[in-house]
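**Student:** model this:
(one chain, ligands or ions: 1)
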Amino acid sequence: MRGKFITFEGIDGSGKSTQMRMLASELRFRGLNVLATMEPGGTPLGRRLREAFLETEENVAPLAELLLFAADRAQHVNFLVQPALAEGKIVISDRYADATFAYQGAGRGFSESVVNQVIELATSGLKPDLTLFFDLPIEKALTRTANRSDAGEQKNRMDKEPAFFYERVRAAYLKIAKEEPERFRIIDADGSTDEVKALVLKIVLEFLETV
Ligand code: TYD
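**Tutor:** Numbers count the residues shown, from 1 in each chain. Below is the predicted model of the structure:
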């Protein structure tokens with residue numbers, strides 16, 4: 001039986017990566033076969049691409065950025081995600097194609113039709129079965145990422161955008177939520193880590209029961 005594909009999305013600082021790790025271990029604890037992965041950087045080539053474009057000081061043309069995320073995704077879908085789904089695994093990815101729609105589309109200004117074509121090419125049409133969007137007011141998300149860099153974590157190129165960029169990104173995610181309410185669930189990421197963890201687990205277990 002084909003597995004299930006669950007993606008996590010959110011503004012930087014929304015806490016989704018921590019939540020993803022916790023969900024993966026809760027599901028494994030229940031005996032489920034889980035692949036936890038990420039974009040960009042889920043494959044060896046993807047990790048090199050990630051370093052090349054998130055950590056460069058060089059100006060990166062918006063089109064190069066769009067295509068590099070797409071290249072990372074093509075490699076990831078082909079060599080990791082599709083094979084794991086074919087083996088019946090539950091694949092959980094920290095970001096996927098909706099991030100391109102939000103960051104390169106709404107954030108950088110590429111048209112929906114260009115972004116959708118690039119996504120279609122990179123994914124061969126593979127869509128997540130369920131997407132959790134970790135929503136948080138932009139000021140709070142920015143405060144969290146600022147605290148992270150005070151704590152010595154490196155800021156990447158995408159973390160240095162002004163607030164209005166993230167407002168556009170957030171609005172794009174909320175638009176997807178309106179258009180695809182079945183697949184795309186909004187999680188209020190403003191609660192405590194434990195509250196959010198319990199909500200995430202509830203949604204995912206209910207989803208897995210119904211499919
Ligand atoms: P990362 O350090 O993984 O951030 P986070 O932990 O917040 O996910 O960096 C990924 C960055 O790349 C993040 O700012 C979002 C951005 N991104 C895009 O702009 N487009 C994409 O298609 C993807 C997958 C990520």
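**Student:** After the lowest-mean-pLDDT helix or strand in the chain, which helix or strand is next? Please name it.
**Tutor:** Least confident helix or strand of the chain, by mean pLDDT, DSSP states H and E, is helix 138-150 with a mean of 85. Following helix 138-150 in sequence order, the next helix or strand is helix 163-179 (DSSP states H and E).
**Student:** For the chain, just list every one of the strands.
**Tutor:** Using DSSP state E, the strands of the chain run over residues 4-10, 34-38, 90-94, 130-135, 184-188.
**Student:** partner strands of the last one, parallel or antiparallel?
**Tutor:** Paired neighbours of strand 184-188 in the sheet (DSSP bridges): strand 130-135 (parallel).
**Student:** Go through the partner strand and flag the buried ones.
**Tutor:** Buried positions in strand 130-135, judged by neighbour count with 16 or more other Cβ atoms under 10 Å: Leu130, Thr131, Leu132, Phe133, Phe134, Asp135. Bear in mind the C-beta positions are built from the backbone N, C-alpha and C, glycine included.
**Student:** Which positions in the protein make contact with the ligand?
**Tutor:** 12, 17, 39-40, 54, 69, 94-95, 99-100, 103-104, 156, 158 (Cβ under 6 Å from any ligand atom).
**Student:** Show the contacting residues for the residue nearest to Ala74 when sequence neighbours are not counted.
**Tutor:** Using Cβ to Cβ, 6 or more residues apart in numbering and skipping residues adjacent in sequence, the residue nearest Ala74 is Ala122, 4.5 Å away. Shown in contact with Ala122 (Cβ atoms under 8 Å, 6 or more residues apart in numbering): Ala70, Ala71, Arg73, Ala74, Val77, Ala97.
**Student:** For these, give me CSV that also has pLDDT and neighbour count.
**Tutor:** Compiled in CSV, those are given as follows (pLDDT from 0 to 100; neighbours: other Cβ atoms under 10 Å):
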residue, pLDDT, neighbour count
Ala70, 98, 20
Ala71, 98, 16
Arg73, 98, 27
Ala74, 98, 19
Val77, 98, 24
Ala97, 98, 26
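**Student:** tell me the two of these that are most distant?
**Tutor:** Among the contacts of Ala122, the pair separated by the greatest distance (Cβ to Cβ) is Ala71 and Ala97, at 13.3 Å.
**Student:** packing partners for the least confident helix or strand of the chain?
**Tutor:** helix 163-179 (3 or more Cβ pairs under 8 Å, 6 or more residues apart in numbering; DSSP states H and E).
**Student:** Quick one: mean pLDDT over the helix it packs on.
**Tutor:** For helix 163-179, the mean pLDDT works out to 96.
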